[in-house]
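Colleague: I would like the atomic coordinates for the input below:
(4 chains)
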Protein chains: 4
Amino acid sequence: MNENKSNPMWGGRFTSSPSEIMQKINSSISFDKRLAHQDIQASRAHCSMLVSCKIINSEDGTKILNGLDQIEGEIASGSFQFKTDLEDIHMNIENRLAQIIGAPAGKLHTARSRNDQVVTDFKLWVRDSIDQTSDSLLSLQKALVAQATVHTGTIMPGYTHLQAAQPITLGHHLMAYCEMFGRDRSRFADARRRMNECPLGVAALAGTTFPIDRNQTSEGLGFDRPTGNSLDTVSDRDFALDYLAAASISAIHLSRFAEEMILWCSPQFRFITLPDAFTTGSSIMPQKKNPDAAELIRAKTGRIIGDLTSLLVVMKGLPLAYSKDMQEDKEPVFDAHDSLNLGLCAMQGMISEMQVHSENMLQAARIGFPEATDLADWLVCQLNIPFRNAHAISAKIVQKAEDHGCDLKGLDLSVMKTVEPRIHEGILEILSIDSCVNRRKSHGGTAPESVRKQINQFNLANK
Amino acid sequence: MNENKSNPMWGGRFTSSPSEIMQKINSSISFDKRLAHQDIQASRAHCSMLVSCKIINSEDGTKILNGLDQIEGEIASGSFQFKTDLEDIHMNIENRLAQIIGAPAGKLHTARSRNDQVVTDFKLWVRDSIDQTSDSLLSLQKALVAQATVHTGTIMPGYTHLQAAQPITLGHHLMAYCEMFGRDRSRFADARRRMNECPLGVAALAGTTFPIDRNQTSEGLGFDRPTGNSLDTVSDRDFALDYLAAASISAIHLSRFAEEMILWCSPQFRFITLPDAFTTGSSIMPQKKNPDAAELIRAKTGRIIGDLTSLLVVMKGLPLAYSKDMQEDKEPVFDAHDSLNLGLCAMQGMISEMQVHSENMLQAARIGFPEATDLADWLVCQLNIPFRNAHAISAKIVQKAEDHGCDLKGLDLSVMKTVEPRIHEGILEILSIDSCVNRRKSHGGTAPESVRKQINQFNLANK
Amino acid sequence: MNENKSNPMWGGRFTSSPSEIMQKINSSISFDKRLAHQDIQASRAHCSMLVSCKIINSEDGTKILNGLDQIEGEIASGSFQFKTDLEDIHMNIENRLAQIIGAPAGKLHTARSRNDQVVTDFKLWVRDSIDQTSDSLLSLQKALVAQATVHTGTIMPGYTHLQAAQPITLGHHLMAYCEMFGRDRSRFADARRRMNECPLGVAALAGTTFPIDRNQTSEGLGFDRPTGNSLDTVSDRDFALDYLAAASISAIHLSRFAEEMILWCSPQFRFITLPDAFTTGSSIMPQKKNPDAAELIRAKTGRIIGDLTSLLVVMKGLPLAYSKDMQEDKEPVFDAHDSLNLGLCAMQGMISEMQVHSENMLQAARIGFPEATDLADWLVCQLNIPFRNAHAISAKIVQKAEDHGCDLKGLDLSVMKTVEPRIHEGILEILSIDSCVNRRKSHGGTAPESVRKQINQFNLANK
Amino acid sequence: MNENKSNPMWGGRFTSSPSEIMQKINSSISFDKRLAHQDIQASRAHCSMLVSCKIINSEDGTKILNGLDQIEGEIASGSFQFKTDLEDIHMNIENRLAQIIGAPAGKLHTARSRNDQVVTDFKLWVRDSIDQTSDSLLSLQKALVAQATVHTGTIMPGYTHLQAAQPITLGHHLMAYCEMFGRDRSRFADARRRMNECPLGVAALAGTTFPIDRNQTSEGLGFDRPTGNSLDTVSDRDFALDYLAAASISAIHLSRFAEEMILWCSPQFRFITLPDAFTTGSSIMPQKKNPDAAELIRAKTGRIIGDLTSLLVVMKGLPLAYSKDMQEDKEPVFDAHDSLNLGLCAMQGMISEMQVHSENMLQAARIGFPEATDLADWLVCQLNIPFRNAHAISAKIVQKAEDHGCDLKGLDLSVMKTVEPRIHEGILEILSIDSCVNRRKSHGGTAPESVRKQINQFNLANK
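Modeller: I've put the predicted structure just below:
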């Protein structure tokens, strides 16, 4: 079968030797090479500390640092040869270092172990990812705020149960997402703060007999302090779980906006047109623009939640300290990082460039007696009727309007009076969709005035 | 079939009318009655604010508050009648209020909606649960620290891959879990801080036209500030997801210790005996004590992760604002709360009362040349041999010891010298298991000295 | 705090004794009482076999069977007292049996163990649930087919990417779900067949020394054969996982239709009106009908997937044979059963009674040049133009129509000829939405003729 | 930062154009090239059918088939150029076909669409994977049976709650896993049968106007019949969910055996030594063999469950018919395939080559009065004592033995008689561990005689 040739998995069972199978299952270089930069960064800090603490001499230290520089250059230029038989990124780099500087390379691993090395590298990577993801989130918020600023007065239907409930402004709707992505930033910031303790120097699991200075490596790598318990340090993957939980919740927010975009650009809504760059057309139906990017953003929630599930399952019930199971920690995090950041970028692009059809939104907002709640509120305020009764009166008046085939404003005052005789002309002021929106200026409300406050507050906090 | 009688589900399809099916799927009172206290608490704050803002008069306000007091009393005493046909806790309470105080009850719902009411109640409940869970975590930490204090010098094998790697102290092992549960407390604290914004007053989704003071209700209910966007407020369940993610990670920690306890009390380990209260015996084999509680703690990780998954799936792709899907938010949180707190209590009991068999731990720690790493470290420090070479020399000496059928200390110095001639008597000092442990006094290390520091730091921070 | 009184969890940590905590975590009677009928059923079969094999005498056997009858009656009538301190349903029943018949009750447990008893009871329950769920699925299919039969000719837009792609018939759309629920039935049937091996008689884990006849109990309980390996039998929960996987996939199908119903009854679509029984109205906006049941069906997918996740996590990495972790197997299955069957009933009700607005569907189907693909197909068939080229020509003609502001049929033949001169009057036949639908009569296609075949095939197979 | 150079994701947000982001999120060629063989296979069948039905002429058909042969050769030899800008495997192949044969290539896509093409290719791939996975499972079963055959008489402790319960044979234990993997094969077989309906020819969603013969393509591709509803066909990913559910359950089985292997080769158990090929050593502790492969097998359960979760989430709530979300179906299946098959191969290797330490197993089996249950059974059979009473008597005798510090056989008959006077010498026959094992010959029991029957039955069914 041809497949055997193009795909190394097919038929592998029959031909692979045990050692080949072991290499396939055991080797991590195919994915952990993404830690190359962090591995070098951590080795530099470790080397400098060893020199400071006189555990290795400064001459050897300099050779090691120069060798690491050279390796970093080779990786950047693409000339570095990653070798599967060296299993992981750590041995790939240490092995190359030995080729370059010889014997002193053997001193770099003093007072550390693969167990603390790998968790240090991975923490640095996750921290870098948090920083990038936070930037992506902030950029997305700014794109939302920019559109919200344009659309503080754009009226659209506010839905509950996907049924029109009360008119709102598009600016208000966009600022709702600004809140969500703000919480996401705060969640990633919390995760960063909690994880920001340096693992380096706990060695295999029990600490080391060398007179090392863990504070120095911690500071050198930008951590707040060294971790407090060596056994916990090599067994802990909470930081990756925190990351994946934050990514999952952020993905949920993206999926909700993606869902709305898909609805809004459907022929039944036509609230927006998505930018060409993020849709695919049909060569045959010119009006058709498939919202592929939005659909893929919605779908990628699945894989990010899957990534979270996968690491939760891996960690469940593992005895201390390091077990090889924990090598399965990286791929879900890498995958979540890629998926989430791609989704954030694409969403930012779509929001910035979407075309809003205000007239369609307004027309949809007019359907279904949107002023009914305001009518009830008016009865409470002006006629001092308890809310539950006012609500019932309003319902009867709406029913009259429906019977007359008109909207509330179009209903004759005399008809309203048959329901509640004390109703007077003052009511006409509030029976308009503009009034509905403009009068909801309570803190956080949908009125342009209120939305502008929300925008100002964001701008103040993020300038 | 008899089942039809005892179980309302069986055969329901054939006999249930549509309205019965709707009531079964739609009614939430069977579970949301757990929000009764929070619903009354929020209504009190809302009522007081309405009076302050002169939206209702103080006479009506007093009647409402008195009515709520009476209802609270009825619920506490068990005399309150929860009714399924009133659907949820909110209508059950409002309906009872109307029975007690009559017409003024209809004014309580002014300037609020079921949408902001339910999210306020639920947030208050989750916040209460966080406070209780944090207390449970702290109690568990204290139980760990109490045992760790007793066992700073109790030597046991430190495992990686469930293979003995280096000797550690039991105190050190217990303090590793103290770190984990400390991170859990920090995670719950972050969740609490992020969620601590008051939803009350955002009404259905768009804010309200009444001149309410959201700051007053926010303060009255102990929130830091009102939420910033009304549409987001009624659509947001991040606080429940944060809670479930924190609970899942904490459950992972519990499951790891539970796994270890199950191992440690197996006949092959015999490191500990669990207290009778948390085991079941066999009536027939007196030595058998089944670690049921530990197994159930390990298993409950599954349902807590399931709870998290379930709410992530519910929220995925929901358009704004409130959808009825979100009624499925409470049961997973209630279930996770119950399961986690039960697990924390049971774990605390087991740790406080477990019987430690130090002699078995020590004996297990002696197996397998535990001093091999120290030998290598000694070669590095005393003979200035690069670590990687020292490592190789140590391995050869261990091989000699194995060939001679003795431990490292028992190996004649002359034999060691055949491997590395510069080895001298000084090496004997470090070739003991006590030395292995005592010399690992680097920050966070396993030495009793280091563990005592960890304990002191905990005690200082939590006195 | 009042909560302490109404809710046993709050504050439990401070007041509960270890034995109370253990009872809370260990006792299963609160949920496994749902196995009462199955437990009695299995005990009857076991007792009869013991008599047949002369392990107990027939006099004792008769007493036991009579006692079980009495207990069954007590449970049916609600007079049976379930006791938490007897832990589970098995001990509750055995204990009651001893009260009723005295000493012979002690003989019932000969040659069986709690381990095989519980798995037998649970298998019987799952099998009953599969039978009921399969019936629910078939009823739902019949409701779909009944509506499809009415609507073989009702034209609506067929969507891809929620963009109108080609016109289809509502009957065709409904029959798509009939296929899905048919696969669900086949999946449950497979699960039933695979699980239908009798566990009874494997005892604790190793089999028994009594000369039992496992074939007799197997037959008596309707199993196909006894299980093949006793150790596997008490360790196996595959049947529960199979059930939960089948339930999850079925829930996905329900969620897809629920999503469509929510869209279809939104003010932007107005394709259907859902029956009053399955919606909630707004007292104030008469036109508003919130599709609560559909939203809850969509949401319950979350808890069913959560149930599946939870049991997968529980089972992961458990050593053989029985561990107490496996007590966590029942609640997810019970919850999935209740949620799925409720969803199936509610969906059946909504489908049977929904009101279809054919005119709105047809109008939506006309939007966007639905005949464009047929035009291309015509060019291939009539003018022998390769499909990819025909596609391009069709796109150009559509563009012309859009420029002229007309639909394809309205475009003058001469304009079409400017794109492709060989086009002739024959093309007009296919340029109608009816033609689009009627000509798609390939196997499984949307043409009424084809849909009627699908309906006939279902009716033939399920009469 | 160097990362920007080596990793296209870092910093991508700032520099990527919208179209680059779209390409990254939208293009699938990086993973769907694994469908190359299946795409060609399906195109061949489609082309032959078009010729048979006279929709294209045989000359064009021959050109297309020859072109496809050439492309298949290019892919096999590695000379085929996969291009990202052609998005997916289908366009890559069609585009190449046009380069090779020119205009007739445009006819291949007649009467099919990307929607039916992709689901056909993917179904073919999943079916191939099921066939391979079933072979892997059978090979693993054979390895288990081979070891079980050697070890029908090797006695080891049978555990419940990881406490020794009753002695069993290793052969019996291995055959328990043979049952599990047998159920896995049956589950994959069910999935294969259910999915084995041919999608090709349903076109975009509604069927086609061309006079195609779907039965011909179905037969040509080895399907049982064409799918029954075109709308369902392009919307359905049940077959992938079935696959992932089956893979998850199989992974659970692997994880359970992996857990046991990790325990069994720990220094506290020493029941087995794993083959060198599947462990990693410590260069410094010669006795240490880390069971890396077993740990990774246990861990990979996490990613397979994550894969299942991910696709369940993707599919939840998707309206019909095709949505782009469904492009996220392939990677979880590919990942599960790779992980599961690698795990099955590695497990087979470990089982075939593991070294069993029978003496350690036997010694462990002797601990804890393993004959206690048999003693009770003897009292029932020989002295006609009800089981519950016999159980209590046996417990008292065990207590005596423990007080005397001897095992049951070592306890003087006179001491036993103080508990139950009727006990006589006959009891001595059953008080041995061999007797415990040999007498459990009930169907499925642990006795060598019974295990040999289980082995024979497997061999008969799978020769």
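Colleague: now do the helix or strand where A:Ile100 lies: distance to the chain's middle.
Modeller: According to DSSP states H and E, A:Ile100 maps onto helix A:89-101. The chain centre lies 36 Å from the centre of helix A:89-101; the measure is Cα atoms, centre = their mean, to the nearest Å.
Colleague: mean confidence (pLDDT) on it, please.
Modeller: Here helix A:89-101 scores 96 as its mean pLDDT.
Colleague: hey, C-alpha coordinates of it in CSV?
Modeller: The C-alpha trace of helix A:89-101 is given here as CSV (Å, rounded to 0.1, in the frame of the first residue of the first chain):
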residue,chain,number,x,y,z
ILE,A,89,16.2,20.3,23.3
HIS,A,90,18.4,20.2,26.4
MET,A,91,20.7,17.4,25.2
ASN,A,92,20.7,18.9,21.7
ILE,A,93,22.1,22.1,23.0
GLU,A,94,24.4,20.6,25.6
ASN,A,95,25.8,18.3,23.1
ARG,A,96,26.5,21.1,20.6
LEU,A,97,28.1,23.1,23.4
ALA,A,98,30.5,20.2,24.0
GLN,A,99,31.4,20.2,20.3
ILE,A,100,32.1,23.9,20.4
ILE,A,101,33.9,24.3,23.7
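Colleague: that one near chain D at all?
Modeller: No. Using Cβ under 8 Å from any Cβ of the partner chain, helix A:89-101 stays clear of chain D, with a minimum separation of 11.9 Å. For the C-beta atoms, the positions are set from N, CA and C on the backbone; glycine is no exception.
Colleague: show me what the next helix-or-strand element following that helix is packed up against.
Modeller: Toward the C-terminus, helix A:89-101 is succeeded by helix A:114-150 as the next helix or strand (DSSP H and E). Applying 3 or more Cβ pairs under 8 Å, 6 or more residues apart in numbering or on different chains; DSSP states H and E, one finds that helix A:114-150 contacts helix A:36-52, helix A:89-101, helix A:170-195, helix A:230-235, helix A:238-264, helix A:330-353, helix A:448-461, helix D:12-15.
Colleague: again, only using 6 Å
Modeller: helix A:36-52, helix A:170-195, helix A:238-264, helix A:330-353, helix A:448-461 (3 or more Cβ pairs under 6 Å, 6 or more residues apart in numbering or on different chains; DSSP states H and E).
Colleague: Throw those helices into JSON lines and include mean pLDDT, thanks.
Modeller: As requested, the helices and strands packed on helix A:114-150 are exported to JSON lines (pLDDT from 0 to 100):
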{"stretch": "helix A:36-52", "mean pLDDT": "97"}
{"stretch": "helix A:170-195", "mean pLDDT": "98"}
{"stretch": "helix A:238-264", "mean pLDDT": "98"}
{"stretch": "helix A:330-353", "mean pLDDT": "97"}
{"stretch": "helix A:448-461", "mean pLDDT": "97"}
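Colleague: in CSV: the ones you listed, plus distance to B:Ile423 and mean neighbour count.
Modeller: Below are these laid out as CSV (distance: least, Cβ to Cβ, whole Å; neighbours: other Cβ atoms under 10 Å in any protein chain shown):
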stretch, distance to B:Ile423, mean neighbour count
helix A:36-52, 23, 23
helix A:170-195, 42, 23
helix A:238-264, 42, 26
helix A:330-353, 40, 24
helix A:448-461, 65, 17
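Colleague: list of residues touching the helix holding A:Ile100?
Modeller: Helix A:89-101 has contacts (Cβ atoms under 6 Å, 6 or more residues apart in numbering or on different chains) with A:32-33, A:35-36, A:39, A:63, A:67, A:70-71, A:82, A:86, A:105, A:117.
Colleague: still on that earlier bit, can you say which of the helices and strands packed on helix A:114-150 is nearest to chain C?
Modeller: helix A:238-264 (5.3 Å; Cβ to the nearest Cβ).
Colleague: does the closest one reach chain B?
Modeller: Yes. Using Cβ under 6 Å from any Cβ of the partner chain, helix A:238-264 comes into contact with chain B via A:238, A:241, A:245, A:249, A:252, A:255-256, A:259-260.
Colleague: hang on, the earlier thing: which one of the helices and strands packed on helix A:114-150 lies closest to B:Phe271?
Modeller: helix A:238-264 (25.5 Å; Cβ to Cβ).
Colleague: I'd like the next helix or strand past that closest one.
Modeller: Next along the chain after helix A:238-264, with elements defined by DSSP H and E, is strand A:272-273.
Colleague: the helix or strand immediately after that following strand in the chain and chain D, are they touching?
Modeller: Later in the chain than strand A:272-273, the nearest helix or strand by DSSP H and E is strand A:280-281. No. Strand A:280-281 lies out of reach of chain D by Cβ under 6 Å from any Cβ, never closer than 7.4 Å.
Colleague: I'd assumed A:Pro167 was in a strand, is it?
Modeller: Yes. Under DSSP: H, G, I helix; E, B strand; the rest coil, A:Pro167 sits within a strand.
Colleague: test my guess that it contacts A:Ile155.
Modeller: Yes. Here A:Pro167 reaches A:Ile155: they are 5.4 Å apart, a contact under Cβ atoms under 6 Å.
Colleague: shared neighbours, the two?
Modeller: Common neighbours of A:Pro167 and A:Ile155 (Cβ under 6 Å, 6+ apart) are A:365, A:437.
Colleague: quick one: buried residues of stretch A:400-412?
Modeller: Neighbour counts over stretch A:400-412 (16 or more other Cβ atoms under 10 Å in any protein chain shown) mark A:400-402, A:407-408, A:411 as buried.
Colleague: among the residues you listed, which are in helices?
Modeller: Mapping these onto helices (DSSP state H) picks out A:400-402.
Colleague: phi, psi of A:Asn290?
Modeller: phi -80, psi 130 (degrees, to the nearest 10).
Colleague: ok, what's across the strand from it?
Modeller: A:Thr280 (DSSP bridges).
Colleague: is it in contact with C:His161, as I believe?
Modeller: Yes. The pair A:Asn290 / C:His161 is scored as a contact, 4.0 Å apart, by Cβ under 6 Å.
Colleague: is it true that A:Arg270 touches A:Glu359?
Modeller: No. Counting by Cβ under 6 Å, A:Arg270 stays clear of A:Glu359, with 9.7 Å between them.
Colleague: which of these two has more neighbours?
Modeller: A:Arg270 (17 against 10; other Cβ atoms under 10 Å in any protein chain shown).
Colleague: could you measure from that one over to chain D?
Modeller: From A:Arg270 over to chain D the distance is 17 Å, taken as Cβ to the nearest Cβ, to the nearest Å.
Colleague: for that residue, what are its contacts?
Modeller: A:357, A:360.
Colleague: one more time with 8 Å, if that's ok
Modeller: By Cβ atoms under 8 Å, 6 or more residues apart in numbering or on different chains, the contact list for A:Arg270 reads A:264, A:357, A:360.
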